[in-house]
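1. Provide a 3D model corresponding to the input given below.
(one chain, ligands or ions: 1)
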Amino acid sequence: MTFSDLPIIEPILRALEHEGYTNPTPIQEEAIPVALQGKDILGCAQTGTGKTAAFAIPILQLLTAQADRNQGRRIVKVLIVTPTRELSIQIGESFDAYGRHLHLKHAVIFGGVPQNAQTKALQQGVDILVATPGRLLDLMQQKFISLKNISILVLDEADRMLDMGFIHDVKRILAAVPLKRQTLFFSATMPPEIVKLSSSILHQPTNIAVTPASSTVEIIEQSVYFVAKADKPSLLMHILRDKSIETALVFTRTKHGADKVSRILNKCNIKSEAIHGNKTQGARQRALSNFKNRTIRVLVASDIAARGIDIDELSCVINFDTPNIPETYVHRIGRTGRAGADGIAISFCDVEEKAYLKDIQKLIAKQIPVVTNHPFPLSLDAEAAVVEKKKNTSKPQSANRSRSQHPATGRVDSREGRRRR
Ligand code: AMP
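-> I've put the predicted structure just below:
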């Protein structure tokens, strides 16, 4: 199927051609006709599946039809709520791209930056608003934004919004939009809280589940290296000596870890920058564009940045730390192999992370091939020593176990960075 087989208007088809897109991705194929009919959608899809265009294209088309009737009166009619600044910026860029031949205006608002430029854009009149929850509520309170004319609401990465503690903000936003509206709800995973939230706000939705979080990883060439924690930087250097890895996104569990890895790489003349929640919005955007335009070869990111990063032709994702939440693995490696492209995902796994690896393999229903011939193999002695040390140190902590159990396995972990559900 090509885009011209879908009921899409000519100016959008031309914009898609300009982007080099010929064939819709599965979520686009399913969602575009449904959304164009004004129906609600419950979409289970993660970033990388083309879901932004799946909602942006019908929104642009529906608004164009409305604009003809309204003779261009600009009021905010579409609201897209998204968890992170990066994602909101990317969604804004998508509207720019697919709407390049239309006369619709959008604004992107998010926190962490002064509000002036955003309020100025709002005052000039916009049709589409892309927003993160906090700044949106803030500007609503200051009366810069009214949601009373919203006819289409998109909740993007709803699971992420819940994870980030935005549930109350989302509920306040929902209370401010008209009940009579079209709602498009997207989430990468469908845990019970998400199902509950979605059923409370969607009206007879069409369910579209293109890629269960665990199956998008099929096209990505995955491998795991067993390595001692202390040897991870040397192994990273060894891997990056391979010049065929043009760009690499390296994930660490903590912000501190991201900074440390980036420092080590730069010392070894591998240009890199770290991106994480402690960095200012400006620094994050700068690092991202330096990575996109290849000024730096390696971007080191903590998980908070994982979902929002959209880079075409990213050749390699390296998990410097094996993630302790299996879904995080899927989201991290989903940064490569986007929209059907090939990708490589390498994971470093130390003794203590072996349990996490087991959980990941269970989720993706696949054994990740182990690379054994590398210069820093995990020695059996080292492995035994760590297990022994853990046995000795874990005894006095037993009273705290229930508070730090692994969500999937019930296994205990006292390390920094564990997310609790
Ligand atoms: P998304 O899931 O919306 O974050 O999109 C993932 C990536 O796929 C983005 O870089 C898009 O530019 C790209 N993309 C979206 N739709 C298509 C398509 N039909 N053909 C090729 N690339 C696409």
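
2. what about residue 367, how many residues close to it?
-> Other residues near residue 367 number 10, with proximity taken as other C-beta atoms under 10 Å. Backbone N, C-alpha and C define where each C-beta goes, glycine included.

3. in stretch 162-171, which residues are buried?
-> Across stretch 162-171, burial judged by 16 or more other C-beta atoms under 10 Å covers 162-163, 166, 169-170.

4. nearest to the ligand among these?
-> Taking C-beta to the nearest ligand atom as the measure, the ligand lies nearest residue 163 of those, at 18.0 Å.

5. distance-wise, check that closest one relative to residue 170.
-> Residue 163 is 12 Å from residue 170, where distance means C-beta to C-beta, to the nearest Å.

6. again, but for residue 321
-> According to C-beta to C-beta, residue 321 stands 30 Å off from residue 170.

7. repeat that for residue 186.
-> Look at residue 186 and residue 170: by C-beta to C-beta, they are 13 Å apart.

8. overlap in contacts of these two?
-> Both residue 186 and residue 170 are in contact with 155, 158, where contact means C-beta atoms under 8 Å, 6 or more residues apart in numbering.

9. need the contact list for residue 134.
-> Residue 134 is in contact with 111, 166, 169, counting by C-beta under 8 Å, 6+ apart.

10. the first one: which element?
-> Per DSSP states H and E: residue 111 is located in neither a helix nor a strand.

11. once you drop chain neighbours, what's closest to it?
-> residue 135 (4.2 Å; C-beta to C-beta, 6 or more residues apart in numbering).

12. quick check: mean pLDDT across the helix or strand containing that neighbour?
-> Using DSSP H and E, residue 135 sits in helix 133-141. Regarding helix 133-141, the rounded mean pLDDT is 97.

13. just the buried positions in that helix, please.
-> Neighbour-count burial for helix 133-141, counted by 16+ other C-beta under 10 Å, picks out 133, 135-137, 139-140.

14. distance to residue 345 for these - can I get that in TSV?
-> As requested, those are exported to TSV (distance: C-beta to C-beta, whole Å):
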residue	distance to residue 345
133	31
135	33
136	34
137	37
139	39
140	40
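
15. and the ligand, which of the residues you listed reach it?
-> The subset of the buried residues of helix 133-141 within reach of the ligand, counting by C-beta under 6 Å from any ligand atom, is empty.

16. and these, which is closest to the ligand?
-> Distance to the ligand across the buried residues of helix 133-141 (C-beta to the nearest ligand atom) is lowest for residue 133, with 19.5 Å.

17. any idea how far that closest one is from residue 16?
-> Counting by C-beta to C-beta - residue 133 and residue 16 are separated by 30 Å.

18. and for residue 377?
-> Per C-beta to C-beta, residue 377 is found 48 Å from residue 16.

19. cool, and residue 363?
-> Residue 363 is 34 Å from residue 16, by C-beta to C-beta.

20. for the buried residues of stretch 162-171, which two are the farthest from each other?
-> 163 and 169 (13.1 Å; C-beta to C-beta).

21. is residue 234 within a helix or a strand, and which one?
-> Going by DSSP H and E, residue 234 is part of helix 232-240.

22. so for that helix, mean pLDDT?
-> Taken as a whole, helix 232-240 carries a mean pLDDT of 96.

23. buried ones in it, by neighbour count?
-> By neighbour count with 16+ other C-beta under 10 Å, helix 232-240 contains the buried residues 232-233, 235-236, 239-240.

24. in CSV, list those along with distance to residue 267.
-> Listed next are these as CSV, based on distance: C-beta to C-beta, whole Å:
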residue, distance to residue 267
232, 15
233, 10
235, 16
236, 12
239, 17
240, 13
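
25. out of those residues, who's nearest the ligand?
-> For those, the nearest to the ligand is residue 240 (24.0 Å; C-beta to the nearest ligand atom).

26. please verify my assumption that the closest one contacts residue 270.
-> Yes: in this structure, residue 240 is within contact of residue 270 by C-beta atoms under 8 Å, at 5.7 Å.
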